[in-house]
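Novice: This is the structure alone, sequence omitted:
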Ligand SMILES: CCCCCCCCCCCCCCCC(=O)SCCNC(=O)CCNC(=O)[C@H](O)C(C)(C)COP(=O)(O)OP(=O)(O)OC[C@H]1O[C@@H](n2cnc3c(N)ncnc32)[C@H](O)[C@@H]1OP(=O)(O)O
């Protein structure tokens with residue numbers, strides 16, 4: 001279902017429907033939304049962003065495929081699909097920190113560690129992330145100091161550095177939201 005949603009968003013991003021077709025689509029979407037109105041559940045019961053599948057069953061971030069992961073590092077790949085376009089064939093600038101937050105956050109909480117949240121995330125944009133290109137993402141633990149975990153990451157298109165990032169993740173105290 002989420003993959004169908006992603007494909008639909010890609011088609012919307014790439015299309016120029018007529019006014020009549022847009023109205024028809026809107027009516028179809030409204031009908032689908034209404035069908036889920038009485039299926040609304042608490043966050044813990046939802047499928048969206050909770051599935052243990054690649055991409056976590058959500059459409060917000062570009063789908064990150066994990067190739068290798070241990071407690072200290074992660075390697076994966078990602079392709080920014082048409083929905084994520086910012087302009088001139090490049091991914092929207094905001095989607096890169098989004099991807100790093102997902103990947104670095106995932107690593108921060110890996111290896112049986114307690115849940116943490118992003119305190120800061122610094123991203124350097126080195127070259128554009130081309131829509132449709134398969135990019136490689138690597139991330140690793142830099143240091144851990146009490147509740148603080150510093151994680152760094154790199155996004156590459158072949159040998160070309162697209163972006164690098166550093167994040168501080170602070171372990172949550174019991175009961176901390
Ligand atoms: C819960 C997640 C479950 C995930 C499970 C499954 C995951 C499946 C993969 C999904 C991956 C997605 C991962 C997304 C992760 C987010 O995106 S979380 C959403 C974005 N982040 C937020 O909303 C965080 C909002 N901020 C906060 O909640 C609080 O400020 C924080 C970050 C928890 C820290 O507050 P606190 O616990 O009161 O900590 P505090 O005592 O102030 O500081 C502790 C230490 O950190 C330092 N520190 C704190 N903030 C900063 C800062 N900005 N700069 C420098 N130092 C700082 C302090 O100076 C202090 O240092 P020491 O004095 O100990 O040396």
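Specialist: Done, it's in. These numbers come from a predicted model, not from an experiment.

Novice: Helix or strand: which one has residue 6?
Specialist: helix 2-14 (DSSP states H and E).

Novice: What lies in contact with that helix?
Specialist: 47-48, 55, 57-59, 63, 81-83, 85 (Cβ atoms under 8 Å, 6 or more residues apart in numbering). C-beta coordinates here come from the backbone N, C-alpha and C atoms, glycine included.

Novice: and those as JSON lines, adding pLDDT?
Specialist: Output for those, formatted as JSON lines (pLDDT from 0 to 100):
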{"residue": "47", "pLDDT": "87"}
{"residue": "48", "pLDDT": "87"}
{"residue": "55", "pLDDT": "75"}
{"residue": "57", "pLDDT": "84"}
{"residue": "58", "pLDDT": "87"}
{"residue": "59", "pLDDT": "91"}
{"residue": "63", "pLDDT": "92"}
{"residue": "81", "pLDDT": "97"}
{"residue": "82", "pLDDT": "97"}
{"residue": "83", "pLDDT": "97"}
{"residue": "85", "pLDDT": "97"}
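
Novice: Of those, just the buried ones, PyMOL syntax please.
Specialist: Entered in PyMOL, the line below selects the buried ones among the contacts of helix 2-14, by 16 or more other Cβ atoms under 10 Å:
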select buried, resi 55+57+58+59+63+81+82+83+85
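
Novice: Relative to residue 120, which of the contacts of helix 2-14 is nearest.
Specialist: Comparing these against residue 120 with Cβ to Cβ places residue 58 closest, at 23.2 Å.

Novice: Whichever strand or helix holds residue 140 packs against which elements?
Specialist: Assigned by DSSP H and E, residue 140 belongs to strand 134-145. Helices and strands touching strand 134-145, by 3 or more Cβ pairs under 8 Å, 6 or more residues apart in numbering; DSSP states H and E, are strand 73-79, helix 95-108, strand 148-157.

Novice: Apply 10 Å and report the result again.
Specialist: strand 64-69, strand 73-79, helix 95-108, strand 148-157, strand 160-171 (3 or more Cβ pairs under 10 Å, 6 or more residues apart in numbering; DSSP states H and E).

Novice: Show residues contacting the shortest one.
Specialist: Residues from elsewhere that reach strand 64-69, judged by Cβ atoms under 10 Å, 6 or more residues apart in numbering: 54-56, 74-79, 99, 102-103, 106-107, 110-111, 134-139.

Novice: Just name the most buried of the helices and strands packed on strand 134-145.
Specialist: Across the helices and strands packed on strand 134-145, the average number of neighbours (mean count of other Cβ atoms under 10 Å) peaks for helix 95-108, which reaches a mean of 22.
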